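K.L.:
I'll drop the sequence and a predicted model, then ask my questions.
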Amino acid sequence: MASSSSWSPTVPAMSYSSTSNEDSALPPDTDNFSRYSKFLVKNSNGVDGMGGQPNDNNEQKESILWVDTLGDDECLGNQHGSESPPSSSTAPRPFSVLSWNILAQTLYESQYQRRRIQQVALSSSTQPQLPSLSSSPHPHPWPKRVKRIIEILSHSNSDIICLQECELQSFKDDLAPALSKFGYDGIVQEDDRPDKPFPLKESSKHRDARNHIVATFYKRSKFSIITANVRTRTLTTVLRLKREDANMDVDDDEENKATPTVAVVNVHLEGHPRRFSERIHQVQHAMADLSKRIENEKKDPSSQTNNDAIGKLNALVLAGDFNCELQSSACSTYMRIGRLGRQAGLGGIHGEDSLVLPPSLLETDEATEAIHPIIEWGRALPEEAMADVDPHPFRRNGMTSAYPAWLGKDDARSHFTFCSELSKRPVPGLDQIWFSSMTLERTGLRRMFVDDSGIWERYFYDDVEVEKRRDEERRKVLASGLPSLECEYPSDHLPIGATFDWKWDDCGDSCLLDENEEADNDASTECIDGGGVRGLNVIDSEGNDVQDDATQDQLMQEKQKMQQQCFENPRDELDHLIHSCPYDSEEQQSDVRFILSPLDPPLDLTSKERKRPSPDQLKQLDVRRAKKADLLSTASLGVRPWLKNIWKADKQVGKWDRQRLVVEARRIENTEADKGS
């Protein structure tokens, strides 16, 4: 009898750079950032252009546990890794996530309406005729499709379900009532139901009704919702895991260890192939909203007592239709590295490998020359188009794709998530699930094709026969496209899913941090007596961990110290900032002084009407502006706020100098007038 989960011997495993011991040894001179950066990027688990290039001759692979269903806690509990909690009584339950673009019915029908119009237009012309739609079952009616969609979702038994291309009315009339019978509560963009689980907060300026929306469902017996935030293309929900036995007598500290929180970002990104910048910003804004919420809670301790307070966030999952290939795209690079363009570099070292590196090294930009251009949909992306993308706040948590990038890379027909009936072109990795690998362990992946009817197990009595049937399903889908002719697969996308377990730390031998580095990295793996679930590193724009109490206290003290500084005039403040700034290099300090230096000849600040700068002065101003932009883009995150304060103080000095010179000029004029009279 075929089992629902098995180790697949035929599917390749995740690729890593395979190097000799000599090549993989750490370079002796770690102060040489250029060499060290190239070494780290070369040996990291990167996507295309990010190091770790796959090599068919020496590719090392890991095994993947492929599963048909996602909700068997007993099965998942047996997959605990080496970092499982020391006691099962305090262990939080593992969980699973399924993501699926179910194809909005209006979009589905409009595709075939356009084809019928084209057929009529071409019927009397000499152009090649399109295949006739007279005998085609497409488009399948919504009642037929939604019935099959519910069957697939209920069979998956996933704890969390992320759906894209829903329609509000069908969500309220069909999806929500049907899934509620299976124990799910759901929330959707533009949710106007009076009995919705939680009020939505709209963070974007989107005001028009969305044609299709994303919806997130979760098992009410396993999760409680803390907050929900909506943007144009994303829906972020923070869920708290419930204790398995609600009647268990557990004190507050023990309950906090056993009930971690996970943020789930359901995405349906911009679909135009060339609008990579919009896709990146849509992801970045969703994560920035979540980070800002956590940061505000830290600044206002009274808000932490509210029912919707997030508190310590333990995990992050992004799932949905990314509308770009996992194997090579700006979004994939941004998720993995945490930054783009000239802000790339050592952020590409992710996962537990980054624990051996101090945060200051992770935030440097010296490895830029080791990064190849990002290729998306076959085109190299211009770096200047990504210059304004801020690093995302979860870049120190090892954001990793649940499905490895090599799946379908060499042959899209072997593994894909999208194959439209109109084009019949399979696309691998269009639908993706990303997770924080520092705090979560992926324990299983959903297969492309599963037996949700039980027929395969009834007629095929061994795994080999079942695998043959899966391959037949794959070939049939490639031939007919999606949705399938019999509506067995009711969308042009296939559902994807993954199972996860929580990573734990204790103060015993499993502690991963070196004693000398513990002070800098204590937020990434918080050591608690008896062990505890790991918490996320949430990094603000200046590179500080917003969840680290010690860091926040230090920042508050520095801010208060600056506020207490009394300066007689803006120039004294500017001189103080220039002298106190922790420059990355002497060259950087010299560039700052050059930017602040006066023009030659200086601008006339004494005239009542401002004179237009001369061509030579305009040229000098342009050079300084370019140097300022370059300085900000290459400075470390610790120096950037100092530079911004220096530019701000310099503006105040300019206003103060102009006002002082004007007053002095008027005084001289008045003195001369008195002498003349």
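P.N.:
Nice, thanks for sending it over. Numbers count the residues shown, from 1 in each chain.
K.L.:
Doesn't Ser590 lie inside a strand?
P.N.:
No: in this structure, Ser590 is helix, not part of a strand, as judged by DSSP: H, G, I helix; E, B strand; the rest coil.
K.L.:
Would you mind finding the longest helix in this protein?
P.N.:
helix 640-676 (DSSP state H).
K.L.:
quick one: buried residues of that helix?
P.N.:
640-643, 645-647, 649-650, 653 (16 or more other Cβ atoms under 10 Å). Where C-beta positions appear, they are placed from N, C-alpha and C, glycine not excepted.
K.L.:
Would you map the helices across the stretch 451-600 of the chain?
P.N.:
Counting by DSSP state H, counting those that start in this stretch, the stretch 451-600 of the chain has these helices, from start to end: 455-459, 463-480, 518-521, 549-564, 570-580, 586-596.
K.L.:
Going by mean pLDDT, which of the ones you listed comes out lowest?
P.N.:
Among the helices of the stretch 451-600 of the chain, helix 518-521 carries the lowest mean pLDDT, at a mean of 40.
K.L.:
what about Ala673, distance to Thr232?
P.N.:
Per Cβ to Cβ, to the nearest Å, Ala673 is found 63 Å from Thr232.
K.L.:
pLDDT weak spots in the stretch 351-500 of the chain?
P.N.:
For the stretch 351-500 of the chain, the stretches with pLDDT under 70 are 351-372, 457-458, 460-461.
K.L.:
Going along the chain, name the strands of it.
P.N.:
375-376, 379-380, 399-401, 431-436, 440-446, 496-502 (DSSP state E, counting those that start in this stretch).
K.L.:
Now stretch 188-203: buried residues?
P.N.:
188-189, 191, 196, 198, 200, 203.
K.L.:
Greatest separation within these: which pair is it?
P.N.:
Lys196 and Ser203 (17.4 Å; Cβ to Cβ).
K.L.:
For the stretch 151-300 of the chain, which segments are assigned as helices?
P.N.:
Applying DSSP H, counting those that start in this stretch to the stretch 151-300 of the chain gives helices spanning 168-170, 176-180, 252-258, 276-299.
K.L.:
Next, format those as a markdown table and append mean neighbour count.
P.N.:
Listed next are the helices of the stretch 151-300 of the chain as a markdown table, based on neighbours: other Cβ atoms under 10 Å:
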| stretch | mean neighbour count |
| --- | --- |
| helix 168-170 | 16 |
| helix 176-180 | 17 |
| helix 252-258 | 15 |
| helix 276-299 | 20 |
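K.L.:
Give me the secondary structure label for Ser99.
P.N.:
With three-state DSSP as the basis, Ser99 sits in strand.
K.L.:
Number of residues surrounding it?
P.N.:
Other residues near Ser99 number 31, with proximity taken as other Cβ atoms under 10 Å.
K.L.:
What sits closest to it if chain neighbours are left out?
P.N.:
Setting aside the residues directly before and after it, Ser99 is nearest to Ala319 in space (Cβ to Cβ, 6 or more residues apart in numbering), at 3.9 Å.
K.L.:
Repeat that for Ser136.
P.N.:
Tyr112 (7.8 Å).
K.L.:
Distance of that neighbour relative to Arg624?
P.N.:
59 Å.
K.L.:
what do you get for Asp604?
P.N.:
Going from Asp604 to Arg624 by Cβ to Cβ gives 18 Å.
K.L.:
Comparing those two, which residue is more hemmed in?
P.N.:
Between Asp604 and Arg624, counted using other Cβ under 10 Å, Arg624 has the larger neighbour count: 16 against 11.
K.L.:
Skipping adjacent residues, who's closest to that one in space?
P.N.:
Arg624 sits nearest to Ile595 (Cβ to Cβ, 6+ apart), 5.1 Å away.
K.L.:
List the residues that contact Gly481.
P.N.:
419-424, 492 (Cβ atoms under 8 Å, 6 or more residues apart in numbering).
K.L.:
out of the residues you listed, who's nearest Ala315?
P.N.:
Distance to Ala315, by Cβ to Cβ, is smallest for Asp492 among those, at 30.2 Å.
K.L.:
Would you quantify the distance from the closest one to Val653?
P.N.:
For Asp492, the distance to Val653 - Cβ to Cβ - is 60 Å.
K.L.:
So what's the residue count around Trp434?
P.N.:
Burial of Trp434 is recorded as 25 neighbouring residues (other Cβ under 10 Å).
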